[in-house]
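**Q** Pasting the sequence and the predicted model now:
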Amino acid sequence: MTAVPPESVDLRTALGAAALPNPVLTASGCAAAGRELEPFSPVASLGAVVTKSVTLAPRAGRPTPRMAETPSGMLNSIGLQNPGIDAFLAYDLPWLADKGARAVVSVAGGGVGDYAELARRLRHAPALVAVEVNISCPNVEDRGQVFACDPEAAARVVEAVRAELPAGIPVLAKLSPDVTDIVGIARSCVRAGADGLTLVNTLLGMVIDPDTLRPALAGVTGGLSGPAIRPVAVRCVWQVHAALPEVPLLGAGGISSGLDALQFVLAGASAVSVGTAVFGDPSAPARVLAELRTALAERGFARLSDAVGYAHRAKVGDEHRPDRTPAPSPRPAWRLGEDDL
Ligand SMILES: Cc1cc2nc3c(=O)[nH]c(=O)nc-3n(C[C@H](O)[C@H](O)[C@H](O)COP(=O)(O)O)c2cc1C
């Protein structure tokens, strides 16, 4: 494939009815409503800002410690700290609208009724282009069973949210990778009316502090995010795109460079979210966008849409060969060579 000029690459994309100027978004919970990011990654320049999951009532979140570092990622147990829907509608969405940003509003609840009420409140909200349904929450009406792990419960939430919103506002169901059959959950959400899917939320993990001899997080378990989960997330996007190729996917999980984002696009994502990377580098979303543009151009993709799902149809001979000669890579430590035998 012949390279094209980076500035000519058409980055426009869509998540259902939401048309976006480019495919790089923030991930829910990693940049609140975008204020702190603004000096480094101007919110209007991104595809959209996915806001921190909002609940009906304000929540203070879990006791500290709520974050722990892990090799190649982090573990969090924030407990959905957020100002509640009233304050969110009063301060956060008007700010995003004022900046000219597009908002994908993430909603979370403890029962189907909470989600429906949140959707009702968001109906005519400014800056809103889509609603992301965070179903990785315990269902208080069903012994704390997580909605995202049960196809029927997930479907009930999606159906309730879809019913409350105008057709022009797509509903994205955000799935958990902590399931044995992600395609089954995806199908169930789409049948219930999801216009797109976000893949993936964090993986459930745990760290024990060898000095205190106790779990490192006050909440004991937490969500694992960052580069460690990227291969799992890419696999989920691949499997769901293979099964449901018409459904727009928003990929998330350990994206911190344009080449990371490209993997998700090639697997079938129409857009990507940058989460944990912003904690170390608040300019990550803007940088990922610039790097993705270059990566597409170098590989001869004149349009982002041509690259979506390309890995499913790539043939031998399509390889991208970088101009520069790569440095010889050292033998991976885990691989035995002849000398070791
Ligand atoms: C500190 C933190 C808070 C998060 N809060 C939310 C949240 O409120 N709602 C949600 O749907 N996902 C939340 N997530 C998950 C991210 O949106 C994202 O799906 C996940 O972290 C994987 O992407 P990443 O590896 O780029 O962070 C949170 C992640 C982190 C690290």
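**A** Yes, it's here. None of these values were measured; they are calculated from a predicted model. Residues are numbered from 1 along each chain as shown.
**Q** What parts of the stretch 1-150 of the chain come near the ligand?
**A** For the stretch 1-150 of the chain, the contact set with the ligand under CB under 6 Å from any ligand atom comprises 27-30, 52-53, 76, 78, 80, 106, 134. Yep, even glycine has a C-beta here, placed from its N, CA and C like the rest.
**Q** Next step: the residues you listed restricted to strands.
**A** Using DSSP state E, the subset of these located in strands is 76, 106, 134.
**Q** List the contacts of I185.
**A** Residues near I185 by CB atoms under 8 Å, 6 or more residues apart in numbering: 148-149, 151, 154, 175-176, 179.
**Q** Report the buried members of those.
**A** Buried by 16 or more other CB atoms under 10 Å: 148-149, 151, 154, 175-176, 179, out of these.
**Q** Now secondary structure too, for those residues, in CSV please.
**A** Shown next, in CSV, are those (DSSP: H, G, I helix; E, B strand; the rest coil):
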residue, secondary structure
A148, helix
C149, helix
P151, helix
A154, helix
L175, strand
S176, coil
V179, coil
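**Q** Where does the chain get nearest to the ligand, residue-wise?
**A** G29 (1.9 Å; CB to the nearest ligand atom).
**Q** With adjacent residues omitted, what lies nearest to that residue?
**A** Closest residue to G29 apart from its sequence neighbours, by CB to CB, 6 or more residues apart in numbering: K52 at 5.0 Å.
**Q** got a pLDDT number for the one you found?
**A** pLDDT, K52: 97.
**Q** Phi, psi for it please.
**A** In terms of degrees, to the nearest 10, the main-chain angles of K52 are phi -60, psi 140.
**Q** That one touches T26, doesn't it?
**A** No: assessed by CB atoms under 8 Å, K52 is found out of contact with T26, at 9.7 Å.
**Q** who's more crowded, the two?
**A** Neighbour comparison, K52 and T26: the larger count goes to T26, with 29 against 24 (by other CB atoms under 10 Å).
**Q** so where is the protein shaky, pLDDT-wise?
**A** 323-341 (pLDDT under 70).
**Q** quick one: which of the contacts of I185 is nearest V9?
**A** Nearest to V9 among those, counting by CB to CB, is L175 at 29.0 Å.
**Q** I'd like the distance between the closest one and P23.
**A** L175 sits 19 Å away from P23, going by CB to CB, to the nearest Å.
**Q** do E246 as well
**A** In this view, E246 and P23 are 17 Å apart by CB to CB.
**Q** quick one, what contacts the residue sitting nearest the centre point of the chain?
**A** Nearest residue to the geometric centre of the chain (CA atoms, centre = their mean): A252, 3.3 Å. The contact partners of A252, by CB under 8 Å, 6+ apart, come to 27, 198-201, 233, 272-275.
**Q** redo that, cut-off 7 Å
**A** Applying CB atoms under 7 Å, 6 or more residues apart in numbering to A252 gives the contacts 27, 198-200, 233, 272-273, 275.
**Q** which residues does it bridge with?
**A** S273 (DSSP bridges).
**Q** before we move on, back to that, considering the residues of the stretch 1-150 of the chain next to the ligand, which possesses the most neighbours?
**A** Most neighbours among these, by other CB under 10 Å: A27, with 29 neighbours.
**Q** So that residue sits against A271, correct?
**A** No: the criterion here is CB atoms under 7 Å, and A27 misses it with A271 at 11.2 Å.
**Q** would CSV of the contacts of I185 with distance to A119 be doable?
**A** Shown next, in CSV, are those (distance: CB to CB, whole Å):
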residue, distance to A119
A148, 17
C149, 22
P151, 20
A154, 15
L175, 18
S176, 20
V179, 24
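**Q** among the residues you listed, which two are most distant?
**A** For the contacts of I185, the farthest-apart pair by CB to CB is P151 and S176; their separation is 11.9 Å.
**Q** Quick check: beta-bridge partners of P138?
**A** Bridge pairing for P138 - DSSP bridges - gives V146.
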